[in-house]
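K.L.:
Dropping a prediction and its sequence here:
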Amino acid sequence: MITLIRQAVAERLNELDGVVALRRSSASVAPYLFQKGDDLVGLEIVPKYPVMTLVSRLHKRFPSIRLGVVARGCDERAYIEMAKRNQIDPDRLTLIGIACTAEDAQTCYCPAPYPNQLVIGTPPAPGPTNPLVAQYDAMPLAERRAFWRQQFDKCIKCYGCRNICPECFCEACAMEDKVWVEPGVLGPPFPAFHMIRAMHMASRCVACRECERTCPAHIPLTVLYDLMRRDMEALLGYLPGADISARPPLSVTLEETPLRVHMAH
Amino acid sequence: MGVEFKPKIVAFMCNWCTYAGADSAGVARLESPANILPIRVMCSGRISPEMVLRAFRSGADGVLVMGCHIGDCHYSSGNHRTAKRMPLLQNLIGYVGINPERIELQWVSASEGPRFVEVTKAFTNKIRQLGPLAQEVLE
């Protein structure tokens, strides 16, 4: 599969200014902008890494650059949400879609472990729903509280979850505003930091799980985000990353995106 | 124990409908609960989730979000955003174990003085029954 990917990248490099993918160096694997003539032997697809943030930076810095990107299902979903919010220019981006392994799909609880613009690989079945999410509604309030209290107690407020997130690109971040998040104070009693993030993720989270992977405290953040994604779909029929033509519903009128149900908590 | 619990309630109200509604309740000398701390905003669409969370963090036991009825918004669709945002925020506080009923969204127009009283009384009573937020968060 990796040989096919390298071939596809080599072909694209004939017509594009560069292709963003992962590259193995002597030290580690890191994102890299491959250009025509580069040796593609070092091109890798593992470990999983959110490459769309780099594409966004390149697009903004070089307004005419035409790029390709080796993209998994979650990268494509990130691309869709980023395009809607002017973080990338879809007219200047070509996806080289690759399928994830069945194991990836399982561990990521991935709803779609392959891009729609699939070029290489065999699509595995979607991963299962996180069992915690599946059983969440049956959990009493006190139990939820105890669970998250213990989780948020571990938070060191490193902002890693935000920094790695392909959908976190606001120039002024609410979580850095001392009016909303008390500086110098960790976690509970009132978890404003995590609640603000969860609320902002409702119309943005593409379930790439990068925040969880990067969290040094191993907080299962996407349990909250999955619940918000679920509610977003039930309430407003919007699934982040699914449809590039669907407008984010929280900033449009009720005529354009009506409330579908009256939600019971 | 033994001290009566007096709920602290932050009530966000939009300038054009609810705030005028509260005023008309006052002019008509209708009694509304003294537990309400009113915060006037130009539009209920201005009320971000961060504001509601900040109210809780600052000691509110309940947050009442009020604005113009759908269709009556001074800015035509500001309250549409409120209508979408608040149910999500209610669910979210439920997910971290805070009773979602501590947030309530109500539409109160400028002429609905009696309704303003009704809504604030009912909400205050509900929060009184739920008890202090600190009990939930700090236990």
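P.N.:
Noted; the coordinates are in hand.

K.L.:
near chain A, which residues of chain B show up?
P.N.:
Taking C-beta under 8 Å from any C-beta of the partner chain as the contact definition, chain B meets chain A at B:48-50, B:53-54, B:56-57, B:70, B:77, B:80-81, B:83-85, B:87-101, B:134, B:136-139. Placement of C-beta: from N, CA and C, glycine included.

K.L.:
Low-confidence stretches in chain B?
P.N.:
Within chain B, the segments meeting pLDDT under 70 span B:1-2, B:138-139.

K.L.:
Residue of it closest to chain A, please.
P.N.:
Residue of chain B nearest chain A, by C-beta to the nearest C-beta: residue B:97 (2.7 Å).

K.L.:
what's the nearest residue to that residue if we skip its chain neighbours?
P.N.:
Nearest residue to residue B:97, sequence neighbours excluded (C-beta to C-beta, 6 or more residues apart in numbering or on different chains): residue A:145, at 2.7 Å.

K.L.:
Which parts of stretch A:210-225 count as buried, going by neighbours?
P.N.:
Using 16 or more other C-beta atoms under 10 Å in any protein chain shown as the test for burial, stretch A:210-225 gives A:210-215, A:217, A:219-225.

K.L.:
nearest to residue B:29, of the residues you listed?
P.N.:
Nearest to residue B:29 out of the buried residues of stretch A:210-225 is residue A:224 (C-beta to C-beta; 46.3 Å).

K.L.:
That closest one falls within a helix, correct?
P.N.:
Yes - according to DSSP: H, G, I helix; E, B strand; the rest coil, residue A:224 belongs to a helix.

K.L.:
Then residue A:169 would be within a helix, right?
P.N.:
No - checked against three-state DSSP, residue A:169 lies outside a helix; its state is coil.

K.L.:
picking that back up, want to throw the buried residues of stretch A:210-225 into CSV with pLDDT, secondary structure and distance to residue A:164?
P.N.:
Below are those laid out as CSV (pLDDT from 0 to 100; DSSP: H, G, I helix; E, B strand; the rest coil; distance: C-beta to C-beta, whole Å):
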residue, pLDDT, secondary structure, distance to residue A:164
A:210, 97, helix, 5
A:211, 98, helix, 6
A:212, 97, helix, 10
A:213, 96, helix, 8
A:214, 97, helix, 4
A:215, 98, coil, 9
A:217, 97, coil, 14
A:219, 98, coil, 13
A:220, 98, coil, 15
A:221, 98, helix, 11
A:222, 97, helix, 12
A:223, 98, helix, 17
A:224, 98, helix, 16
A:225, 98, helix, 13
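
K.L.:
near chain B too, which of those residues?
P.N.:
residue A:224.

K.L.:
Weed out the non-buried ones from the residues of chain B next to chain A.
P.N.:
B:48-50, B:53-54, B:56-57, B:77, B:80-81, B:83-85, B:87-101, B:136-137.

K.L.:
Filter those residues down to just the ones in helices.
P.N.:
The helices, defined by DSSP state H, take in B:49-50, B:53-54, B:56-57, B:80-81, B:83-85, B:87-95, B:136-137 from those.

K.L.:
ok, now which ones touch the residue in the stretch 101-250 of chain A that chain B sits nearest to?
P.N.:
When distances are taken as C-beta to the nearest C-beta, the stretch 101-250 of chain A reaches nearest to chain B at residue A:145, 2.7 Å away. Shown in contact with residue A:145 (C-beta atoms under 8 Å, 6 or more residues apart in numbering or on different chains): B:96-98, B:136-137, B:139.

K.L.:
Give me the distance between the host helix or strand of it and the centre of its chain.
P.N.:
For residue A:145, the host element (DSSP states H and E) is helix A:141-153. Helix A:141-153 sits 25 Å away from the centroid of its parent chain (C-alpha atoms, centre = their mean, to the nearest Å).

K.L.:
State the mean pLDDT of that helix.
P.N.:
Along helix A:141-153, the predicted confidence averages to a pLDDT of 95.

K.L.:
what comes up buried for it?
P.N.:
Buried positions in helix A:141-153, judged by neighbour count with 16+ other C-beta under 10 Å: A:141, A:144-145, A:147-149, A:151-152.

K.L.:
Between helix B:78-95 and it, find me the angle.
P.N.:
The directions of helix A:141-153 and helix B:78-95 differ by 90 degrees, with axes from the mean of the first three to the mean of the last three C-alpha atoms, to 10 degrees as the criterion.

K.L.:
so can I have JSON lines of the buried residues of stretch A:210-225 showing distance to residue A:67?
P.N.:
Formatted as JSON lines, the buried residues of stretch A:210-225 follow (distance: C-beta to C-beta, whole Å):
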{"residue": "A:210", "distance to residue A:67": "20"}
{"residue": "A:211", "distance to residue A:67": "25"}
{"residue": "A:212", "distance to residue A:67": "28"}
{"residue": "A:213", "distance to residue A:67": "24"}
{"residue": "A:214", "distance to residue A:67": "24"}
{"residue": "A:215", "distance to residue A:67": "29"}
{"residue": "A:217", "distance to residue A:67": "34"}
{"residue": "A:219", "distance to residue A:67": "33"}
{"residue": "A:220", "distance to residue A:67": "33"}
{"residue": "A:221", "distance to residue A:67": "29"}
{"residue": "A:222", "distance to residue A:67": "28"}
{"residue": "A:223", "distance to residue A:67": "34"}
{"residue": "A:224", "distance to residue A:67": "33"}
{"residue": "A:225", "distance to residue A:67": "28"}
